[in-house]
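Colleague: got a sequence here, can you build the structure:
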Amino acid sequence: MSQNKNYHTIRYGTAEGEIKFGHVHTDNVNSAVMLRSGHTFQHYMTMDGPGGEDFRTHSTTFRGPGSFQVKHGEGVPDEQPGIYLDAVNGDIVIRAANGRIRMEALDVDIRATGGDGNRGNIVLDANEKVIINAQTIACNAKAAARFFSEKTVEIVGNNVLNMYGGFVDIADGSSSAVAGKGSKNPATGILGTVWEIKMKLESLPL
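Modeller: Numbers count the residues shown, from 1 in each chain. Here you go, the predicted structure:
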């Protein structure tokens, strides 16, 4: 790729910093305005014009080796956005490759509003653990709810454990449709297991 040139570039600055109109970057993006620190070339902001990748055209870029801080909203009424980010097209990516992403608020709302069966999903994907702590946890599903573990599933109600179902099907490992393995209790199998559970439930005081 040949390097473009702008013969109308104007620069004002000192050793402490500079402002340039019409600066051409190495990817041939022509910045309408670029403000840069004189202490390090990695500290600048640009309002870009045409050239380079499509996403760079008419984009705004901030870069710096230190922290980026935004504080706004002291005069905003309650229930009004203090900071508003709107990506009309494309994604919003928040990335901390060597740190944590922390969100703190009185309330946190996460909504996915896809218009068909393929969109409108919220995905939580963790290499280790997903930990949820709350006074009350309510899960409501209109079509189906499923909890699956390749090893162990524990349901514990230290005070009360209620389980309801219009039709309840309980099977142990003797059912190939469930696990594909033999029962850990081959003398009883699925019927013995269900019978034991039934007897325990019937023995509970009502």
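Colleague: show me where pLDDT drops low in the protein?
Modeller: Residue ranges of the chain with pLDDT under 70: 1, 52, 173-206.
Colleague: walking through it, point out its helices one by one.
Modeller: Secondary structure of the chain (DSSP state H): helices located at 189-202.
Colleague: could you chop this protein up by domain?
Modeller: 1-65, 147-206 (automatic domain parsing).
Colleague: which parts of the protein are strands?
Modeller: Using DSSP state E, the strands of the chain run over 10-13, 17-21, 23-24, 30-37, 44-48, 60-63.
Colleague: who does the last one pair with, and is each partner parallel or antiparallel?
Modeller: When pairs are called by DSSP bridges, strand 60-63 turns out to pair with strand 44-48 (antiparallel).
Colleague: cool, the third one as well?
Modeller: Its sheet considered, strand 23-24 pairs with strand 30-37 (antiparallel) by DSSP bridges.
Colleague: how about the strand it pairs with: buried residues?
Modeller: Within strand 30-37, the residues scored as buried using 16 or more other Cβ atoms under 10 Å are 30-31, 34-36. Any C-beta I mention is one placed from the backbone N, CA and C, and that applies to glycine too.
Colleague: what's the angle from that strand to strand 17-21?
Modeller: The directions of strand 30-37 and strand 17-21 differ by 170 degrees, with axes from the mean of the first three to the mean of the last three Cα atoms, to 10 degrees as the criterion.
Colleague: distance from strand 30-37 to the middle of the chain?
Modeller: 32 Å (Cα atoms, centre = their mean, to the nearest Å).
Colleague: check the gap between residue 114 and residue 122 for me.
Modeller: Separation of residue 114 from residue 122 (Cβ to Cβ, to the nearest Å) stands at 10 Å.
Colleague: let me fix that, I meant to ask about residue 71.
Modeller: 29 Å.
Colleague: list the residues that contact residue 13.
Modeller: Residues in contact with residue 13, defined by Cβ atoms under 8 Å, 6 or more residues apart in numbering, are 19-20, 38.
Colleague: neighbour-wise, which of the residues you listed leads?
Modeller: Neighbour tally across these (other Cβ atoms under 10 Å): the maximum, 20 neighbours, falls on residue 20.
Colleague: is it in contact with residue 8, as I believe?
Modeller: No: checked against Cβ atoms under 8 Å, the pair residue 20 and residue 8 is beyond contact range at 11.2 Å.
Colleague: circling back: format the buried residues of strand 30-37 as a markdown table; extra columns: distance to residue 91.
Modeller: Shown next, in a markdown table, are the buried residues of strand 30-37 (distance: Cβ to Cβ, whole Å):
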| residue | distance to residue 91 |
| --- | --- |
| 30 | 26 |
| 31 | 24 |
| 34 | 26 |
| 35 | 27 |
| 36 | 28 |
